[in-house]
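> Below is the structure, and that's it, no one-letter string:
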C-alpha cells in the first residue's frame, strides 16, 4: 500500500495507558492504516526518532465560539498539541440567536469569559439556528471543533429579556427542549448549563442560565436521554454538587455523563477538594457518571485595575469596576467608599466573596509598577506592601492604584497553589483533566499550555504519573467521555489525529502579550516548546510551530448524527 504519511522510528504512546513501544505509524485517507515496522512507499515520510508519537490532545473546555470565525487554528491550543477543541461551554454559545439580539447574546459571552465587546462586535452573524451555526463552521477549519448548545443562548432565544427575571413556563420549557433537540440532531456534543454564581452580564446581573430552576435544567437534559446521545457540561457545578448533589442527580435522571467545573485546590475554600473527592467516589460507586474537571495549571489573572473581574460579585466593588476610569479613580479616592470596601473585602461583613479568598492580598502580586519610585514593590504582595508602608490593605492598594492611574500590572493567583494537593487531584481517576479555557479571559490569563505543562512539570519534573498515563488522560479519556469514539487512540481504523513531541523538552514557555485580535485588542499568548508536529485528520497542520497552510479540521458531531447520516 502507498501511504499518504509514514511516521517512522517513534516512541508510540498510543493513548491506552499501556507501555510505549518503538514503531512506525502509517496514514492513508485521514485514517491510521498500519502500526508496526513498516516500509511501504509514502507521499511524506517523517523521522520521529527520539520523539513521542501520540494521539492528538483534546482541549476539552474552551470558548473559541467567536474566535473560530476568524482564526481556524484556534490559536494557541494547536501549538500545544491539541487536534480537537470543544466550546459552547458554561451555557454560553453563539446560537441559536434571533436577528437583532446578537449584540446582547455577545454581552453574556463577553463579560463571563472576558472577551472584549469591540472584538465580538466584528462578528458577522450568518446564522440563526444551532444547526446553521455548525454548518457555517464546518469548512475552513484547522483543528476539529466540537460544540455544546448553550442554555443561556436557548433561554434568551425563547424568553427574550424575561430570561433574566423569572423561571420559565411549561410552554417556554417545551420551546427550549425543541431547540436543544434541533441542536442535538445537528450533531452538538451535548448541552451546557451553568450553576456558577460568579457568571454575570456586563450590567452585573446573573446570566440567563443561572435563573433556571431544576425543573427546567432536568427537562432540557431529558432531551439527551430521549435521543440517547451527548453529555451535559456545567459551569460552576462543584458548589451545586456539594450542596445538594444536583450534578449527580442530573446524570442519574438522564443516563448521560455530566462534566462540571471543577475540582481544584483553592485558598477560597481550603480542604474542599478532599471533601469533593469523597462525594465523587460515593456517586461513582453507584454507577453515576458525574465527573469534575481539573487542570495542571495554576489559575492566575494578569490585570490592571482599569479592567479587572477579580472583585466581581461584591456589592460595592463590582459596580466600580464596571464604571469609567475617571469614575473609578474618583471612587477609590473617596474615604467613605474605602471604608465600605474594607468592610466587604477585608472584614467580609457580608460573607465570603465569589472571586477572592479571605486573605487575597497575600496572593496578589505587583508585576510591573509604572513609576520608578514604586519599582521596589515589584514581586511583592499587596499584603507585604501594606506592611512596609504601615497602611491598611485597602489604603495601600488603592493609593498605588490612584498614583499609577490604574496602570499597575498585577498578578492574582490563589488556585492550585499547593503542589501536593494538585498532584493528588491530577492523579484522581474520577476527574477529567483539561479546562484550558482557550479563547476566554484573553487579556488576563492563558491556559492553552495545560497539556505541555502536564507533560513537563507533572510528568518529567515531578513524576506524579507516567508519560503513558498522562497521554491517556489527555486523549482517550476525553475522547471517551465527550463521545469522540473514533479518536483518542493510535489504532488502525481510527482517525489520524496525531501529535509528535520531544518528551525531554516539551513545555509551555513564558507568556507574551499580542495585539492581533480584530480591532487590535490585546491577548496573552503562551508559546509551546518541544511540539514537533500537530496532525489533524491525517494532514500536517503545524510543523515546528509553523502553520503548513493545510485546513483539515472538521466539526465533530455526536453519535445520533452519525447514525442518521451514515
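The structure has been received and is ready for your questions. Everything numeric here is computed off the predicted structure, so don't read it as measured data.
> ranges for the helices of the stretch 301-450 of the chain?
Secondary structure of the stretch 301-450 of the chain by DSSP state H, counting those that start in this stretch: the helices cover 317-322, 325-333, 335-345, 382-389, 393-403, 419-426, 450-453.
> Which stretch among those is buried most, on average?
For the helices of the stretch 301-450 of the chain, the stretch with the most neighbours on average is helix 450-453, a mean of 27; neighbours defined as mean count of other CB atoms under 10 Å. (C-beta placed from N, C-alpha, C; glycine too.)
> And it, what does it pack against?
Under the contact definition 3 or more CB pairs under 8 Å, 6 or more residues apart in numbering; DSSP states H and E, helix 450-453 sits against strand 57-59, strand 507-508.
> how far away is residue 544 from residue 74?
In this structure, residue 544 and residue 74 are 19 Å apart, going by CB to CB, to the nearest Å.
> hmm, back to that, can you say which of the helices of the stretch 301-450 of the chain is nearest to residue 148?
Nearest of the helices of the stretch 301-450 of the chain to residue 148, taken as CB to CB: helix 450-453 at 19.0 Å.
> can you give me the strands in the stretch 51-200 of the chain?
For the stretch 51-200 of the chain, applying DSSP state E, counting those that start in this stretch gives strands covering 52-55, 57-59, 82-87, 144-150, 190-194.
> sorry, back to before: which one's more surrounded, residue 544 and residue 74?
residue 74 (26 against 7; other CB atoms under 10 Å).
> Please name the residues that touch residue 403.
Taking CB atoms under 8 Å, 6 or more residues apart in numbering, we find residue 403 in contact with 371, 374.
> how close does it sit to residue 162?
Counting by CB to CB, the gap from residue 403 to residue 162 is 45 Å.
> Over to residue 350?
Residue 350 is 29 Å from residue 162, by CB to CB.
> and the two? which has more neighbours close in?
More crowded of residue 350 and residue 162, by other CB under 10 Å: residue 162, with 15 against 12.
> Give me the local confidence score for the more buried one.
You'll see residue 162 listed with a pLDDT of 98.
> do the same with residue 440
pLDDT at residue 440 comes out at 89.
> That one: neighbour count?
Other residues within reach of residue 440 by the criterion other CB under 10 Å amount to 25.
> Please state the backbone phi and psi of it?
Per-residue torsions, residue 440: phi -110, psi 160 (degrees, to the nearest 10).
> tell me the contacts of it?
62, 63, 113, 114, 115.
> ok, now with 10 Å
By CB atoms under 10 Å, 6 or more residues apart in numbering, the residues touching residue 440 are 61-65, 67, 87, 89-90, 92, 109, 112-115, 446-447.
> which among those residues end up buried?
When the contacts of residue 440 are checked for burial by 16 or more other CB atoms under 10 Å, the buried set is 61-65, 67, 87, 89-90, 92, 109, 112-115, 446-447.
> Columns mean pLDDT on top of the helices of the stretch 301-450 of the chain, output as TSV?
Shown next, in TSV, are those (pLDDT from 0 to 100):
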stretch	mean pLDDT
helix 317-322	92
helix 325-333	97
helix 335-345	97
helix 382-389	97
helix 393-403	97
helix 419-426	95
helix 450-453	97
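> so which of these comes closest to residue 489?
So among these, helix 450-453 is nearest, using CB to CB, at 16.6 Å.
> quick one: contacts of the closest one?
Identification of contacts with helix 450-453 by CB under 10 Å, 6+ apart yields 57-61, 77, 79-82, 294-298, 433-438, 447, 459, 470-471, 473-475, 499, 501, 506-509, 526-531.
> Name only those of these that count as buried.
Among the contacts of helix 450-453, the ones that count as buried by 16+ other CB under 10 Å are 57-61, 77, 79-82, 294-298, 433-438, 447, 459, 470-471, 473-475, 499, 501, 506-508, 526-531.
> What distance separates the opening and closing residues of stretch 43-58?
The first and last residues of stretch 43-58 sit 27 Å apart, counting by CA to CA, to the nearest Å.
> Please apply the same query to stretch 329-348.
23 Å.
> Next: stretch 415-424.
15 Å.
> Could you do stretch 428-447 as well?
Terminal-residue distance, stretch 428-447 (CA to CA): 20 Å.
> For residue 108, report the pLDDT, please.
For residue 108, pLDDT reads 97.
> Which residue, other than its chain neighbours, is closest to it?
In space, and not counting its chain neighbours, residue 108 is closest to residue 207: 5.0 Å by CB to CB, 6 or more residues apart in numbering.
> Ok, residue 363 next?
That would be residue 414: by CB to CB, 6+ apart, it lies 4.0 Å from residue 363.
> what about that neighbour, how many residues close to it?
Residue 414 has 21 neighbours, counted by other CB under 10 Å.
> these two touch, right, it and residue 355?
Yes - counting by CB atoms under 10 Å, residue 355 is a contact partner of residue 414 at 9.4 Å.
> Mutual contacts of these two, please.
With CB under 10 Å, 6+ apart as the test, residue 414 and residue 355 both reach 268, 301.
> With adjacent residues omitted, what lies nearest to the residue sitting nearest the centre point of the chain?
Central residue of the chain (CA atoms, centre = their mean): residue 437, 2.1 Å from the mean position. Closest residue to residue 437 apart from its sequence neighbours, by CB to CB, 6+ apart: residue 447 at 4.9 Å.
> Who are the contact partners of the one you found?
The contact partners of residue 447, taken as CB under 10 Å, 6+ apart, are 59, 61-62, 77, 80, 295-300, 434-441, 453, 508, 524, 526.
> and the gap between residue 510 and residue 353?
For residue 510, the distance to residue 353 (CB to CB) stands at 30 Å.
> Name the residue in the two with the higher neighbour count.
More neighbours surround residue 353 than the other of residue 510 and residue 353, with 21 against 7 (other CB under 10 Å).
> Stretch 42-59: end-to-end distance?
30 Å.
> for stretch 279-293, same thing?
Length of stretch 279-293, first residue to last, CA to CA: 14 Å.
> Flag every buried residue along it.
Buried residues in stretch 279-293, defined by neighbour count with 16+ other CB under 10 Å: 279, 280, 283, 288, 289, 290, 291, 292, 293.
> now swap in stretch 553-566 and tell me
Across stretch 553-566, burial judged by 16+ other CB under 10 Å covers 553, 554, 555, 556, 557, 558, 559, 560, 561.
> pLDDT (mean, whole number) over that stretch?
If you average the pLDDT over stretch 553-566, you get 95.
> Now the terminal residues of that stretch, how far apart.
For stretch 553-566, the first-to-last residue distance is 19 Å (CA to CA).
> Kindly report the same for stretch 386-401.
So stretch 386-401: terminal residues 13 Å apart, CA to CA.
> Mind listing residues that contact it?
With CB under 10 Å, 6+ apart as the test, stretch 386-401 has contacts from 304-306, 328-329, 331-335, 337-343, 345-346, 359-362, 364, 366, 369-371, 374, 376-377, 380-385, 407-408, 410.
> do that again at 8 Å, thanks
Outside stretch 386-401, the residues that reach it (CB under 8 Å, 6+ apart) are 305, 332-333, 338, 341-342, 345-346, 361, 366, 369, 374, 377, 380, 382-383, 385, 408.
> again with stretch 463-480
In contact with stretch 463-480 (CB under 8 Å, 6+ apart) are residues 13, 15-20, 52, 54-58, 60, 81, 423, 426-427, 432-434, 451, 454-455, 458-459, 484-485, 487-489, 503.
> Test my guess that residue 104 contacts residue 157.
No - if you go by CB atoms under 8 Å, residue 104 and residue 157 don't touch, sitting 10.9 Å apart.
> out of these two, which sits in the more crowded spot?
More crowded of residue 104 and residue 157, by other CB under 10 Å: residue 157, with 22 against 15.
> How much space separates that one from residue 199?
Residue 157 sits 18 Å away from residue 199, taking CB to CB as the criterion.
> Strands along the stretch 401-550 of the chain, start to end?
Assigned by DSSP E, counting those that start in this stretch, the strands in the stretch 401-550 of the chain fall at 409-413, 432-433, 498-501, 507-508, 512-514, 523-525, 528-529, 531-536, 539-543, 546-547.
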